[in-house]
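Colleague: Here is my input, please return the structure:
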Amino acid sequence: MSVGIGTLLGMSFLLAMNTFGILKIPSAGLTLGFAQAFNSFLFFSSQTYTYLKDFSMVSIIILMSVFSYFLNIVSLIQKRKNPVFLELYIFIFTSVVIISPILSGKITGLDSIRYNYHAMIVLVVFFPYFFDSVLLKSKNKLNQNLKIILLIVIALSIVTKFSSKKLMEKINFYPLETKRIDKLKEELD
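Modeller: Here you go, the predicted model:
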């Protein structure tokens, strides 16, 4: 009962503030429009390529999320007569979260991964579930071949992306600005 009274009081207060001009809520500015969708898609593609060509945790997350997304689709196809709610929810959620910023034109540069990153993290978290659901429990020859192909693709991406030289560069990275500050500190001590 107190929640209902609090809600009514809050809504009345907000309505009064809005009516008397005390509160002005500006519009968001960008609405769902398709005018910038193509440019946004180009930025998204460029951004994804940039992250994939670099050796970073982001590239691993992107690769695993793509694999997980396709495994989710395969799992939904296999269980089309009796789909698991969680798999259906993850498919709809990740699809909408990844496509919406592109369609609304919000992807404008490399920092725009923030709009899609949480969907990728969800897919990475559920990667073992989809991998097990689709490839490990199945006796189907096609799924066994798919498992082998997937493991080969992962192994090849690891071999090509994770050279020991790049790995050591990342581990021993010493930013120039930090180097200068350390040198200045040594001179002052």
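Colleague: Name the spans of this protein whose pLDDT lies under the cut-off.
Modeller: In the predicted model of the chain, residues 1-3, 25-34, 55, 136-148, 150-151, 154-171 satisfy pLDDT under 70.
Colleague: if we go to 80?
Modeller: 1-4, 17-36, 54-58, 80-81, 83, 105-114, 128, 131-174, 189 (pLDDT under 80).
Colleague: and the closest residue to Gly105 other than its chain neighbours, how many neighbours?
Modeller: Of all residues not flanking Gly105 in the chain, Gln36 sits nearest, at 2.7 Å (Cβ to Cβ, 6 or more residues apart in numbering). For glycine as for every other residue, the C-beta is placed from the backbone atoms N, C-alpha and C. Neighbour count for Gln36, taken as other Cβ atoms under 10 Å: 17.
Colleague: Gln36 and Thr50: what is the separation?
Modeller: According to Cβ to Cβ, to the nearest Å, Gln36 stands 20 Å off from Thr50.
Colleague: Repeat that for Thr108.
Modeller: Distance from Thr108 to Thr50, by Cβ to Cβ: 14 Å.
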